[in-house]
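*Asks:* dropping the sequence and predicted coords here.
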Amino acid sequence: MNDAAFTPSFPVTWAIIGLCTFFYLWSVINTFTYDSKVQAPFEQAMMYETPLQKPAWMGYEPVLLGEPDVLVRPSFTQIVHGEVWRLFTPVLLHANFLHILFNMLWLFALGRAMEPNMSKMGYIGFSLGGAALSNTCQYLVSGPFFVGYSGVLCAMLGYIWVRLKKAPWEPYLINRRSLGFLWFFIFLLTLISGALFVLSLYNVPGLRFPFANTAHMTGALYGLVVAKIKR
């Protein structure tokens with residue numbers, strides 16, 4: 001009997017891991033060509049928005065904090081002119097080695113559990129929807145300077161969490177303790193980020209948290225809702 005018949009297949013997950021790794025390595029190579037403080041052209045083309053002038057949109061957070069030299073409403077500059085891929089492509093970029101390592105390990109764990117339980121197009125559609133929603137919400141809160149697959153990972157986490165309860169016959173090959181750890185990690189980041197924002201309202205300087213928590217929360221909510229309404 002062929003053992004491969006019992007092995008779950010997740011080629012889309014592998015393809016996404018390959019794309020993220022490719023763009024990360026390309027980014028590293030470009031650091032030898034461009035100043036480390038300047039994004040390479042391909043990175044600028046993949047960001048949600050590339051500010052072309054000042055003042056630029058930096059999110060509602062600095063507007064609420066009364067920071068100077070920022071636009072008071074989002075511009076969606078490149079997207080409204082047809083560059084719609086920017087809704088999705090920030091998730092394929094990563095800031096550093098630890099960032100991509102953490103995200104790709106979790107993508108492997110969550111993807112191998114989730115992809116075999118969906119059609120390929122359904123899995124791709126779910127991932128694109130999670131990317132567009134989490135990216136857009138993060139852009140509205142903190143502006144365009146964010147990268148990483150974590151918003152989609154949180155969507156996958158929320159989806160699997162609900163399906164394990166709603167559809168126990170679906171075989172999700174992942175330890176529930178791993179899911180619990182990831183929920184705790186997201187909650188901790190959100191708690192710290194919220195506390196720092198409150199302190200910023202009282203003019204305590206230098207309290208910006210370098211994590212895209214809006215993307216995490218909206219991604220998780222998206223996954224929970226999709227899993228709930230799925231029959």
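*Replies:* Sure thing, it's come through. Residues are numbered from 1 along each chain as shown.
*Asks:* max-length helix in the protein?
*Replies:* Counting residues, the longest helix found in the chain (DSSP state H) is helix 176-201.
*Asks:* now it: average pLDDT?
*Replies:* Average pLDDT, helix 176-201: 80.
*Asks:* after that helix, which helix or strand is next?
*Replies:* Once the chain leaves helix 176-201, the next helix or strand it forms, by DSSP states H and E, is helix 213-229.
*Asks:* what helices or strands is that following helix leaning on?
*Replies:* For helix 213-229, the packing partners by 3 or more C-beta pairs under 8 Å, 6 or more residues apart in numbering; DSSP states H and E come out as helix 120-142, helix 150-166, helix 176-201. In short, each C-beta sits where N, CA and C put it, glycine included.
*Asks:* can I get those helices in TSV including mean neighbour count and distance to residue 216?
*Replies:* Below are the helices and strands packed on helix 213-229 laid out as TSV (neighbours: other C-beta atoms under 10 Å; distance: least, C-beta to C-beta, whole Å):
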stretch	mean neighbour count	distance to residue 216
helix 120-142	20	8
helix 150-166	23	5
helix 176-201	14	5
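*Asks:* a markdown table please, covering those and showing distance to residue 60.
*Replies:* Converted to a markdown table, these look like this (distance: least, C-beta to C-beta, whole Å):
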| stretch | distance to residue 60 |
| --- | --- |
| helix 120-142 | 6 |
| helix 150-166 | 18 |
| helix 176-201 | 11 |
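*Asks:* of these, which is nearest residue 101?
*Replies:* helix 150-166 (12.4 Å; C-beta to C-beta).
*Asks:* for that closest one, what is the distance to the chain centroid?
*Replies:* Distance, stretch centre to chain centre, for helix 150-166: 13 Å (C-alpha atoms, centre = their mean, to the nearest Å).
*Asks:* and residue 224, which of the helices and strands packed on helix 213-229 is closest to it?
*Replies:* Proximity to residue 224 (C-beta to C-beta) singles out helix 150-166 among the helices and strands packed on helix 213-229, at 4.0 Å.
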